[in-house]
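>>> Show me how the following folds:
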Amino acid sequence: VQTNTVGTDTAFQLLYADISVSEDGGGFLFNTNGEIVGILTDDYGDEMAGVPVAIGISSLKGIIESLSSGIDAAYLGVQGQNATADIAEANDMPVGIYVTRVVMDSPAYLAGLKAGDIITGSGEQDILTTRSLQNFLESYSTGDVIKLTVYRSGADGYVEMEFEVTLGAR
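Numbering: from 1, shown residues only. Predicted coordinates for the structure are as follows:
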């Protein structure tokens with residue numbers, strides 16, 4: 001089993017294994033104790049089309065709890081990769097979440113965020129990893145307005161900007 005982290009506004013852990021997925025493209029991955037550790041899918045985005053993977057159940061815990069309580073999961077609409085201290089230093093960029101994609105017509109898109117931006121926080125709170133973004137969003141509701149601190153590359157390097165975003169429903 002290999003792992004990778006992907007998702008929109010999330011840090012889903014993907015488990016790769018030599019497994020077969022049912023004809024309808026779904027199922028569950030169990031550990032040797034019979035506990036569910038993943039939800040199988042054969043279609044997780046364009047970059048992994050047709051590859052059977054399992055989304056780690058621990059990655060879904062907060063979303064499952066919200067939805068089972070009748071609460072819409074807050075939605076920003078970005079995909080990104082962690083720009084760690086080593087990556088940031090090597091590329092002369094800030095530490096944070098390097099936005100690789102902004103979903104069309106999402107709250108992030110409507111607020112003006114773009115691919116290439118680096119999310120670093122909200123107010124006094126640092127948001128430096130995709131996991132911390134997921135945890136941050138889980139503390140908000142649909143319709144809440146948040147302020148994101150973002151760095152955008154320009155002619156003179158990265159410039160700090162602030163965006164007001166009205167969160168949508170997932």
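>>> Contact partners for residue 82?
97, 98, 128, 129, 130 (CB atoms under 8 Å, 6 or more residues apart in numbering). Where you see a C-beta, it was placed from the backbone N, CA and C, and this is true even at glycine.
>>> Need the phi and psi values for the last one.
Main-chain dihedrals, residue 130, degrees, to the nearest 10: phi -60, psi -30.
>>> can you give me the helices in the chain?
Using DSSP state H, the helices found in the chain span residues 57-68, 85-91, 107-111, 130-138.
>>> tell me which residues in the second one are buried?
Residues residue 88 are the ones in helix 85-91 that count as buried (16 or more other CB atoms under 10 Å).
>>> Next: the third one.
Burial within helix 107-111, assessed by neighbour count using 16+ other CB under 10 Å, is assigned to 107, 108, 109, 111.
>>> pretty sure residue 60 is in contact with residue 39, am I right?
Yes. Counting by CB atoms under 8 Å, residue 60 touches residue 39, with 7.2 Å between them.
>>> returning to that earlier point: could you dump the buried residues of helix 107-111 into a markdown table and include distance to residue 154 and pLDDT?
Shown next, in a markdown table, are the buried residues of helix 107-111 (distance: CB to CB, whole Å; pLDDT from 0 to 100):
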| residue | distance to residue 154 | pLDDT |
| --- | --- | --- |
| 107 | 24 | 97 |
| 108 | 19 | 97 |
| 109 | 20 | 97 |
| 111 | 18 | 97 |
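>>> That concludes my questions; thank you for your assistance.
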